[in-house]
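Q: here is the input, now give the coordinates:
(2 chains)
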Amino acid sequence: MLRILRFVFGQVPNEEAIPLVRQSQNRPNCLSPSAVHLVRDTLSKGCILYLVRAGGWKKEQFLRDGQPKAGRLWERSGINELTLEFSRHSMEFLIWLTANKPGETKPMWKAPASELTIADHLLLFLVYEALREEKDIAAFLRCSSSFASNPLCHLLYPGDFAGEATDESLSFDGWFTSTGGLIIEAMQPILEDRWLQMERDKGQIGDWERMRAEGQEQTRILDLFLDAADRANRWDLTRFLLAVLDAILATPDLTPTFWTGGLQGSGPTRLADRLETQRSALAVLRCAERLRQWEQRARTSGFMDDDYAASKFWLGEYERFNGRQSTSRAEGILEMLEPL
Amino acid sequence: MSRAYRITVKESLARDLSASDEVCSDLEILAILPPDQMAELLRGELKRRGFEENGEKLIRHDDGITVAVDPKTGEVSVKAETADSVELKAQRDDWGYDDVGPGEEAIRRRTAEQLKQDLERRADQQQTRLQTQATEKLEGHLDEVRKELSQVVNRVTAEALKRKAASLGQIKEMTEDPESGSLTITVEV
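A: So this is what the prediction gives:
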């Protein structure tokens, strides 16, 4: 179990850990205090190291109580706030993962959604990310409602869930305050890289149905994420989208073929279906309008308003990432698809 | 010695087929006047062009193409529909033997099942052909509808500008070029 856990944190090579995951072991009746201590130690150090390396080390500005605060992650927040609280479900999952052979176990492991902590979700995401290249294991994990409703899995890998049954319980509420917010802050560079890569990869998708499913899933996830950010007054945590749009739309003469140029054949018979696929491919561009609306709302914030500092901060970020230029170019590209 | 006998099975299929294709979009109309006034202008212009009120929307049917506009939201849909009736028949002969193999009833049932599947496939092909026709009809009309809607937007915008100008002061001069769509209004405030 420890080797699998260390593999999740990149401390043990694939060749050593994957065979352990793929085979079943006898489930122990109990774990010794030393074993529990080692698991706890590996979890705490591994998660902290992951978040630091992901982007926590960077000197950035994020909001704290509506005011921008600069520094590294541990400089922006006090030590009391930087805690990861794991429930018993994390240990139970690790034991289950070690003891069972993926694909041959019924019932699938899952935990009540209300009992999973933010830290549990982080661990499940890290396990999914580590095992994602093993397609059959990843597909097996997605069968569990605990993975199907994991916000980080959906946010980083929306395409993996495209075409699968929609989990209505998926929610980003709780990820913009306290521990959840700190994790999203630390993961901004990873989120930016990941979404940039997804946009660039769209030009290689040849299957119309796959493009449509991925685009629709991206739209769903972005809507949920942006809605939650708006409700929590944490526009700053959507900054990675500004960066993605800035990078993608740096070229002024981009056309929809950047995303849809790889689609093979003439596509579905109905024009409505072809159009829906092409519109879905541009899911990320659609959020430019939402970010622009936030910019406009920020401009109306007055000196005496409570959200003045946060609004000014957002305006600064919007300008830093060429928000107006991105929005204008995104609108132009989206218009090219419209038939009327 | 077994005797062979021929079994002839006939099946037919009659079906009404229909197909449609549709695109939806939004009219980009500048909010020069309050939304209800802009909606009223749009409603008037569409009625002038043969659209009829149908609930909240204005609709025009023309040669299997239906254009629907919601003046409040500016949402437009253009739909093409086609319909056809097909009557398909098929016949197949099969052979049975009186002392070996399946009996006549079984052979008849199996052959009838195969014929039905064959007829279903042919009906599906007709459906696909009909769908292609609906899509081609829609694509063929889109250009025309696009141009007309563009004219509608231009006229509504021009009318809104005139009203806005009149509310700002006295209009001293107004020149309109219908060909280029340009409108010049001089207002004394």
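Q: need the residues of the stretch 151-300 of chain A near chain B, please.
A: Proximity of the stretch 151-300 of chain A to chain B, by CB under 8 Å from any CB of the partner chain, involves residues A:T269, A:R270, A:L271, A:A272, A:L275. To be clear about C-beta, it is placed using only N, CA and C from the backbone, and glycine gets the same treatment.
Q: OK, contacts around the closest residue to A:L131 other than its chain neighbours?
A: Computed as CB to CB, 6 or more residues apart in numbering or on different chains, the closest residue to A:L131 that is not its neighbour in sequence is A:I137, at 4.8 Å. Contacts for A:I137 (CB atoms under 8 Å, 6 or more residues apart in numbering or on different chains) come out as A:V21, A:R22, A:P102, A:G103, A:L131.
Q: now with 10 Å?
A: For A:I137, the contact set (CB atoms under 10 Å, 6 or more residues apart in numbering or on different chains) comprises A:I18, A:V21, A:R22, A:L97, A:P102, A:G103, A:V127, A:Y128, A:A130, A:L131.
Q: also A:R299?
A: Residues in contact with A:R299 (CB under 10 Å, 6+ apart) are A:S311, A:K312, A:W314, A:L315, A:Y318.
Q: around the closest residue to chain B within the stretch 1-150 of chain A, count how many other residues there are.
A: Scanning the stretch 1-150 of chain A for proximity to chain B using CB to the nearest CB identifies A:A148 as nearest, at 31.2 Å. Residues within reach of A:A148, counting by other CB atoms under 10 Å in any protein chain shown, total 19.
Q: please report how far the residue in the stretch 101-250 of chain A that chain B sits nearest to lies from A:L340.
A: Residue nearest to chain B within the stretch 101-250 of chain A: A:W208 (14.6 Å; CB to the nearest CB). Using CB to CB, to the nearest Å, A:W208 is found at 22 Å from A:L340.
Q: swap in A:A139?
A: For A:A139, the distance to A:L340 - CB to CB - is 41 Å.
Q: so between those two, which is more surrounded?
A: Neighbour comparison, A:A139 and A:L340: the larger count goes to A:L340, with 18 against 13 (by other CB under 10 Å).
Q: my guess is that one is in a helix, correct?
A: No. Membership of A:L340 in a helix is not supported by DSSP: H, G, I helix; E, B strand; the rest coil, which gives coil.
Q: skipping its backbone neighbours, what lies nearest it in space?
A: Nearest to A:L340 is B:S25, by CB to CB, 6+ apart, at 4.2 Å.
Q: and for that neighbour, the neighbour number?
A: Neighbours of B:S25 (other CB under 10 Å): 18.
Q: over to the residue in chain B that chain A sits nearest to: give its phi and psi.
A: Proximity of chain B to chain A (CB to the nearest CB) peaks at B:S25, 4.2 Å away. The phi/psi pair for B:S25 (degrees, to the nearest 10) reads phi -160, psi -180.
Q: need the contact list for it.
A: If a contact means CB under 10 Å, 6+ apart, then B:S25 has A:275, A:335, A:337-340, B:74-78, B:146, B:149 as its contacts.
Q: also A:A54?
A: Residues in contact with A:A54 (CB under 10 Å, 6+ apart) are A:L73, A:I183, A:E185, A:A186, A:M187, A:Q188, A:P189, A:I190, A:L191.
Q: tell me the helices and strands packed up against the helix or strand the last one falls within.
A: The one in question is A:L191. Secondary structure assignment for A:L191, by DSSP states H and E: helix A:188-201. Applying 3 or more CB pairs under 10 Å, 6 or more residues apart in numbering or on different chains; DSSP states H and E, we find helix A:188-201 packed against strand A:60-64, helix A:151-156, helix A:208-231, helix A:239-248, helix A:257-260, helix A:283-299.
Q: is it possible to export these to JSON lines including mean pLDDT and distance to A:R324?
A: Below are the helices and strands packed on helix A:188-201 laid out as JSON lines (pLDDT from 0 to 100; distance: least, CB to CB, whole Å):
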{"stretch": "strand A:60-64", "mean pLDDT": "93", "distance to A:R324": "20"}
{"stretch": "helix A:151-156", "mean pLDDT": "96", "distance to A:R324": "26"}
{"stretch": "helix A:208-231", "mean pLDDT": "95", "distance to A:R324": "18"}
{"stretch": "helix A:239-248", "mean pLDDT": "97", "distance to A:R324": "11"}
{"stretch": "helix A:257-260", "mean pLDDT": "95", "distance to A:R324": "21"}
{"stretch": "helix A:283-299", "mean pLDDT": "95", "distance to A:R324": "8"}
